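S.K.: The sequence and its predicted three-dimensional model are supplied below.
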Amino acid sequence: MEREYKIRLDIQNISKCFSMENGKNHEVVRELSLTVRDNEFLILLGPGHCGKTVILNMIAGLMQPDYGNICLDGKNVVGPNPDMGMVFQKIGTLPWKNVMENVELGPKMRGIPKRERRKKAQHYIDLVGLHGFEEHLPKHLSGGMKQRVGIARAYANDPQILLLDEPFGQLDAQTRYNMEEEIARIWEQEKRTILFVTNNIEEALMLGDRIILLTECPARVKQVYQVDLPRPRDMMDCRFLQMRREISENTDLSI
Ligand SMILES: Nc1ncnc2c1ncn2[C@@H]1O[C@H](COP(=O)(O)OP(=O)(O)OP(=O)(O)O)[C@@H](O)[C@H]1O
């Protein structure tokens, strides 16, 4: 018997086309449907420029699809929504604010009293492993640490869904690997529904419960993979390697 899942995000048949300056249309997303389950770590895996960020922007309500529907907990997404927390590839800390001030910014803007928001911010700073760095300015942090601030900031906003757009794409290989382990640990410790975009097969397999493999532009769903590997994932595990080969043979992504 198939397990029943609570669906948080329901995307039905979305399409997006841009009008270009030369008068032509650029179709970026075509009739794409997917669902994200409660507390799931879902991966959107696709080649460069296939439309992943456009999909995420539509989910975040920053952009409207031309056709189709996006529902969060049964309600249509019609604009930017505090229930969606975004972490971008480009590290988005405010340089003049220290770690604590960056993390507590969201709760502060929502009018949460200082004591309460400090407590919340401290909880997430500790969770991402930045205890002791509360007073540091971003310029005194490494790339990986800045992304930890971004993750803590997104969590401190209490979003229903975390949207992560290639958050480790600009990090060196070792830091990236460490951050993958970290985000998996954080997710295990404090379950959230996560939609994570990447063009890296190993990263997808390290993190995902399911992987939605996209086609080249215009993005459509090519295949859905259920990843039933035990956590923490082991890249040398033969089933890991087998899935990596299977996905790799189904795509033009390089690994
Ligand atoms: N506002 C826009 N107007 C016109 N074209 C756009 C716009 N936003 C994105 N595009 C185009 O849509 C295509 C997909 O872009 P998108 O950034 O979603 O790709 P991606 O899969 O996230 O790429 P990458 O993996 O390189 O980050 C690109 O060709 C891009 O130029």
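M.R.: Cool, got the structure.

S.K.: all contacts plus neighbour counts: C-alpha atoms, from now on.
M.R.: Will do.

S.K.: Now do the contacts for the residue in the stretch 101-250 of the chain that the ligand sits nearest to.
M.R.: Residue nearest to the ligand within the stretch 101-250 of the chain: Asn199 (6.0 Å; C-alpha to the nearest ligand atom). With contacts defined as C-alpha atoms under 8 Å, 6 or more residues apart in numbering, Asn199 is in contact with 45-48, 166, 253.

S.K.: Quick one: those residues as CSV, columns for distance to the ligand and neighbour count too.
M.R.: Shown next, in CSV, are the contacts of Asn199 (distance: C-alpha to the nearest ligand atom, whole Å; neighbours: other C-alpha atoms under 10 Å):
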residue, distance to the ligand, neighbour count
Leu45, 9, 27
Gly46, 6, 28
Pro47, 6, 20
Gly48, 4, 14
Glu166, 7, 21
Leu253, 11, 16
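
S.K.: which two in those are spaced the farthest apart?
M.R.: Glu166 and Leu253 (14.8 Å; C-alpha to C-alpha).

S.K.: The ligand contacts on the stretch 1-150 of the chain?
M.R.: 18, 28, 48-54 (C-alpha under 6 Å from any ligand atom).

S.K.: Which among those count as buried?
M.R.: Among those, those buried by neighbour count (16 or more other C-alpha atoms under 10 Å) are 28, 50-54.

S.K.: give me the beta-bridge partners of Ile70?
M.R.: According to DSSP bridges, the residues that bridge with Ile70 are Ile11.

S.K.: How about Ser15?
M.R.: Bridge pairing for Ser15 - DSSP bridges - gives Tyr67.

S.K.: Number of residues surrounding it?
M.R.: 23 (other C-alpha atoms under 10 Å).

S.K.: Then Arg30?
M.R.: Arg30 has 20 nearby residues by other C-alpha under 10 Å.

S.K.: excluding its backbone neighbours, what's nearest it?
M.R.: Ser15 (4.5 Å; C-alpha to C-alpha, 6 or more residues apart in numbering).

S.K.: The one you found against Val29, yeah?
M.R.: Yes: here Ser15 reaches Val29: they are 4.8 Å apart, a contact under C-alpha atoms under 8 Å.

S.K.: The helix or strand hosting Arg176 packs against which elements?
M.R.: Using DSSP states H and E, Arg176 falls within helix 173-189. Helix 173-189 makes packing contacts with helix 143-156, helix 201-207 when contacts are defined by 3 or more C-alpha pairs under 8 Å, 6 or more residues apart in numbering; DSSP states H and E.

S.K.: quick one: strands adjacent to the next helix-or-strand element following the last one?
M.R.: The C-terminal neighbour of helix 201-207 among helices and strands, as given by DSSP H and E, is strand 210-214. Each strand that pairs with strand 210-214, with its direction, by DSSP bridges: strand 41-45 (parallel), strand 221-226 (antiparallel).

S.K.: in strand 210-214, what's buried?
M.R.: For strand 210-214, by 16+ other C-alpha under 10 Å, it's 210-214.

S.K.: repeat for stretch 188-201
M.R.: Those would be 192-201, for stretch 188-201 by 16+ other C-alpha under 10 Å.

S.K.: Same question for stretch 12-19.
M.R.: For stretch 12-19, using 16+ other C-alpha under 10 Å, the buried residues are 12-16.

S.K.: Can you tell me what sits against that stretch?
M.R.: Counting by C-alpha under 8 Å, 6+ apart, 25-34, 65-70 sit against stretch 12-19.

S.K.: model confidence over that stretch, on average?
M.R.: Throughout stretch 12-19, pLDDT has a mean value of 97.

S.K.: Please apply the same query to stretch 227-241.
M.R.: 95.

S.K.: Do me a favour and get the end-to-end distance for that stretch?
M.R.: 12 Å (C-alpha to C-alpha, to the nearest Å).

S.K.: go on, stretch 47-60?
M.R.: 21 Å.
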